[in-house]
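**Q** take this sequence and fold it.
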Amino acid sequence: MLEYLDRICRENEIEYSLAGGTLLGSIRHKGFIPWDDDIDIVLTRSNYEKLMQLLMEASKDKYSLLYYKKTPTFISFARLIHNNTFAVSKYNKSSLLSGVWLDIFPIDSLPDDKVARDKQRDEIKKYSKYLRSSIKGGLKYASFPTLTGFLAKVFLFLPWHIKYYGKDKELSQQMEQIMTRYNHQRTKEVGFVDSIYFEKEHFPAEIFEEYEDIEFENLTVRKIKNHDTYLTQLFGDYMKLPPKEEREGHVIYDWYWK
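**A** Okay, here's the model as predicted:
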């Protein structure tokens, strides 16, 4: 899937970068982090929209696209999904988690003021919960390994599910408006607003201006040139291996060929 996306981006002069643990893996391990198992890429919003348009128009025989303008979704970013695979979660039974995926994240301008940045992030996190509750099977996100946890999450999700069911596209549009709120301004920092890294997800805008090739397993793909600033912001001393007890991938999933 990464090879496929790289080819599309190069053919259409779209710059992208490996991101998160994938970028860390490319620098520290020349590929996957040994205990990790997914791939993330990021693009500036303009490049992200160009790529989405191309993927929506592409043949869906081998891959499908989870993106709100294409299909109902529960996430604020996009996923390329391998149609000949499927995923089984120990907790989450949503049919939208239908196969091995590659995550594609948009990068937007962030307000320079930390209070405004925190407010934007909190707003998007709230809408993210509404979106996960809005789709068919949304209550299945309340699945939890303990009865107490299950009942607690059902109690929280049920009112949202009733209020927002079937409004996934509307919510996705509202989330995109929040995420792109500062794109018309020349801000100093950028990032993916709905990031799992929370307050760490803000980077100097200029690091997304220059890109270069990098080895990832048997592929040559793209990354931002200044990976050090990005990885230090997210992981600190990123070349140091974490303790063994913290080396854990996406352990709630099992993956299968169809």
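
**Q** tell me where the stretch 51-200 of the chain is predicted with low confidence.
**A** The stretch 51-200 of the chain contains residues with pLDDT under 70 at 90-97, 136-154.

**Q** now do the strands in it.
**A** Ranges of strands within the stretch 51-200 of the chain are 63-66, 78-82, 85-89, 101-110, 189-191, based on DSSP state E, counting those that start in this stretch.

**Q** okay, the fourth one in PDB with CA atoms only?
**A** This points to strand 101-110. What follows is strand 101-110, C-alpha atoms only, in PDB (Å, rounded to 0.1, in the frame of the first residue of the first chain):
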ATOM      1  CA  TRP A 101      -5.000  -0.200   6.600                       C
ATOM      2  CA  LEU A 102      -2.500   2.700   6.000                       C
ATOM      3  CA  ASP A 103      -3.400   5.900   7.800                       C
ATOM      4  CA  ILE A 104      -3.200   9.200   5.900                       C
ATOM      5  CA  PHE A 105      -3.200  12.400   8.000                       C
ATOM      6  CA  PRO A 106      -3.700  16.100   6.900                       C
ATOM      7  CA  ILE A 107      -1.400  18.800   8.300                       C
ATOM      8  CA  ASP A 108      -3.100  22.200   9.000                       C
ATOM      9  CA  SER A 109      -2.000  25.500  10.400                       C
ATOM     10  CA  LEU A 110      -2.200  25.900  14.200                       C
END
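
**Q** can you give the strand pairings for it, parallel or anti for each?
**A** Sheet pairing of strand 101-110 (DSSP bridges) gives strand 40-44 (parallel), strand 78-82 (antiparallel), strand 189-191 (antiparallel).

**Q** need those in CSV (columns: mean neighbour count).
**A** The way it works is simple: take the backbone N, C-alpha and C, and place the C-beta from them, glycine included. As requested, the strands paired with strand 101-110 are exported to CSV (neighbours: other Cβ atoms under 10 Å):
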stretch, mean neighbour count
strand 40-44, 23
strand 78-82, 22
strand 189-191, 22
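
**Q** those strands: which one's closest to Ser109?
**A** Proximity to Ser109 (Cβ to Cβ) singles out strand 189-191 among the strands paired with strand 101-110, at 5.6 Å.

**Q** what are the buried residues along the longest helix anywhere in the chain?
**A** Counting residues, the longest helix in the chain under DSSP state H turns out to be helix 114-134. The neighbour-count check on helix 114-134 (16 or more other Cβ atoms under 10 Å) flags 117, 120-121, 123-124, 127-128, 130-134 as buried.

**Q** so what touches that helix?
**A** 73-76, 110-111, 138-139, 141, 157, 160-161, 163-168, 171-172, 174-175, 178-179, 181-182, 189, 193-194, 198-199, 201-202 (Cβ atoms under 8 Å, 6 or more residues apart in numbering).

**Q** ok, 7 Å please
**A** The contact list for helix 114-134 (Cβ atoms under 7 Å, 6 or more residues apart in numbering) reads 74, 76, 110-111, 138, 141, 157, 160-161, 164-168, 171-172, 174-175, 178-179, 181, 193-194, 198, 202.

**Q** ok, back up a step: which of the buried residues of helix 114-134 sits closest to Tyr256?
**A** Proximity of these to Tyr256 (Cβ to Cβ) peaks at Arg132, which lies at 24.1 Å.
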